[in-house]
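>>> no sequence on this one, just coordinates:
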């Protein structure tokens, strides 16, 4: 990134004047350097609370390779991290805005003036995020790429027409809760020791949306601490299922719960929860490594990290520096199944996640995971699950 603060101000001002979207620059210390927003919004009851949330949000934990979308209660934001010469400088934050399906009820609660917080379709937000990113980095991104890297957008795409009644019910009953889609993905990564995958979902799971939403309504850290304690319990159970020693897992749970009780700030709670998740996942990863020899661990890691690419026995044998026949024999002896069956098993497990958490067409999922044709994909999927991909999606996807 080669851009000055003056240029950032100019870009931010244009965004605000063109779309009436609030824009803020939060530096690496969590201080707001400048902001563009309306006087009406500044005078609203929400302003002070939302501003404090913006300052405390862990922007630095995410990538600067694309815009990042997040929500607090009903309010939507996106931000772009600013990095120059590998140094983190802060983030340009655009929002809050409201979705079309919830705008009316929210606006009635805060102000009669419908211009206080703009209402935007998610496609508009996507287009604006691409423009801001290009203005800062001079890099062209596609909407598909941004959606792929933003878990928070995928349920919107799939459930856009079905959320109004659920949101209305939640508002009437003061229900604010963790997004189940991301929680399930996160706990799956903990269970499988997938350290390299955590940052993809960490900010959209049990450490983000629900907590900030509750804070904006109750202005109390106690509710957040309670939610984080529940989060530690869930992560602890996932780690045990992944092979971590029970006594170790429960001892860690006691330790992190005690530390959570001692925290007195939002950023402290969120940072500690992030530390706990990484700690548990790392321990599960090490426990899994200990199950197999170094050669088998190398082989298994290569397979798990290349599910979307082509994999051959010759590739694996070259990586492991063993003959194909000897590697096949060794793998079957240690793991209990053949290499080809293990590859199929891992790809089907990945397909199950895509069927559950995305709206990708079934044909595309099979192609992405390198199945030669749809009929073969269905055959292998049924071999491991007992049902077809379509039946699995109908049964387990979140509709």
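Happy to help now that I have it. Please read these numbers as outputs of a predicted model, since none were measured by experiment. Numbers count the residues shown, from 1 in each chain.
>>> residue boundaries of the strands in the protein?
Under the criterion DSSP state E, the chain contains strands at 23-27, 32-36, 68-72, 75-84, 87-97.
>>> okay, the ones you listed in CSV with mean neighbour count next?
For glycine as for every other residue, the C-beta is placed from the backbone atoms N, C-alpha and C. What follows is the strands of the chain, written out as CSV (neighbours: other C-beta atoms under 10 Å):
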stretch, mean neighbour count
strand 23-27, 21
strand 32-36, 15
strand 68-72, 23
strand 75-84, 21
strand 87-97, 21
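>>> of all those strands, which one is nearest residue 385?
strand 68-72 (32.1 Å; C-beta to C-beta).
>>> list the helices and strands the closest one packs on?
Helices and strands touching strand 68-72, by 3 or more C-beta pairs under 8 Å, 6 or more residues apart in numbering; DSSP states H and E, are strand 75-84, helix 209-218.
>>> can you flag the weakest of the strands of the chain by average pLDDT?
In terms of average pLDDT, strand 68-72 trails the rest of these, at a mean of 84.
>>> parallel or antiparallel, list what pairs with that one.
When pairing is defined by DSSP bridges, strand 68-72 lines up against strand 75-84 (antiparallel).
>>> what about residue 60, neighbour count?
Number of residues near residue 60 (other C-beta atoms under 10 Å) recorded here: 13.
>>> which residues sit in contact with it?
28, 81, 88 (C-beta atoms under 8 Å, 6 or more residues apart in numbering).
>>> what is the burial count for the first one?
By the measure other C-beta under 10 Å, the count of residues near residue 28 is 14.
>>> torsion angles phi and psi at residue 310?
Dihedral angles phi and psi of residue 310 (degrees, to the nearest 10) take the values phi -80, psi 140.
>>> skipping its backbone neighbours, what lies nearest it in space?
Leaving aside its sequence neighbours, residue 310 sits nearest to residue 370 (C-beta to C-beta, 6 or more residues apart in numbering; 6.1 Å).
>>> the nearest residue to residue 134 once chain neighbours are set aside and residue 130, how far apart?
If the residues on either side of it in the chain are set aside, residue 134 comes closest to residue 140, at 6.2 Å by C-beta to C-beta, 6+ apart. Per C-beta to C-beta, to the nearest Å, residue 140 is found 8 Å from residue 130.
>>> more neighbours: these two, which one.
More crowded of residue 140 and residue 130, by other C-beta under 10 Å: residue 130, with 19 against 9.
>>> got the contact list for the more buried one?
Contacts for residue 130 (C-beta under 8 Å, 6+ apart) come out as 67, 140-143, 146.
>>> just put these in TSV and tack on distance to residue 353.
Listed next are the contacts of residue 130 as TSV, based on distance: C-beta to C-beta, whole Å:
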residue	distance to residue 353
67	24
140	29
141	24
142	23
143	22
146	20
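>>> now, those residues that are in helices?
The helices, defined by DSSP state H, take in 143, 146 from the contacts of residue 130.
>>> in ChimeraX, select just the buried ones from the contacts of residue 130.
To isolate the buried ones among the contacts of residue 130 in ChimeraX, judged by 16 or more other C-beta atoms under 10 Å, type:
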select :67,141,146
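>>> let me know the closest of the contacts of residue 130 to residue 273.
residue 67 (24.1 Å).
>>> do I have it right that that closest one meets residue 134?
No - when contacts are counted by C-beta atoms under 8 Å, residue 67 is not listed as touching residue 134 (10.4 Å).
>>> between the two, which contacts overlap?
Shared contacts of residue 67 and residue 134 (C-beta under 8 Å, 6+ apart): residue 141.
>>> go through the contacts of residue 130 and name the one with the lowest pLDDT.
Among the contacts of residue 130, residue 143 has the lowest pLDDT, at 76.
>>> residues contacting that residue?
Residues near residue 143 by C-beta under 8 Å, 6+ apart: 123, 126-127, 130.
>>> where does residue 140 fall, phi/psi-wise?
Per-residue torsions, residue 140: phi -90, psi 130 (degrees, to the nearest 10).
>>> distance check, it against residue 146.
Distance, residue 140 to residue 146, by C-beta to C-beta: 11 Å.
>>> circling back to that earlier point, okay, the contacts of residue 60 in CSV with distance to residue 10 next?
Formatted as CSV, the contacts of residue 60 follow (distance: C-beta to C-beta, whole Å):
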residue, distance to residue 10
28, 21
81, 19
88, 22
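>>> now, among these, which is nearest to residue 360?
Closest approach to residue 360 among the contacts of residue 60 (C-beta to C-beta): residue 81, at 27.0 Å.
>>> distance of that closest one from residue 250?
With distances taken as C-beta to C-beta, residue 81 is found 37 Å from residue 250.
>>> okay, now residue 9: neighbour count?
Neighbours of residue 9 using other C-beta under 10 Å come to 15.
>>> tell me the contacts of it?
Residue 9 makes contact with 25, 34, according to C-beta under 8 Å, 6+ apart.
>>> now with 10 Å?
By C-beta atoms under 10 Å, 6 or more residues apart in numbering, the residues touching residue 9 are 23, 25, 33-34, 36.
>>> and for residue 56?
Contacts of residue 56 (C-beta under 10 Å, 6+ apart): 26, 30, 212, 215, 265-270.
>>> go on, residue 131?
Residues in contact with residue 131 (C-beta under 10 Å, 6+ apart) are 11, 14-15, 18-19, 67.
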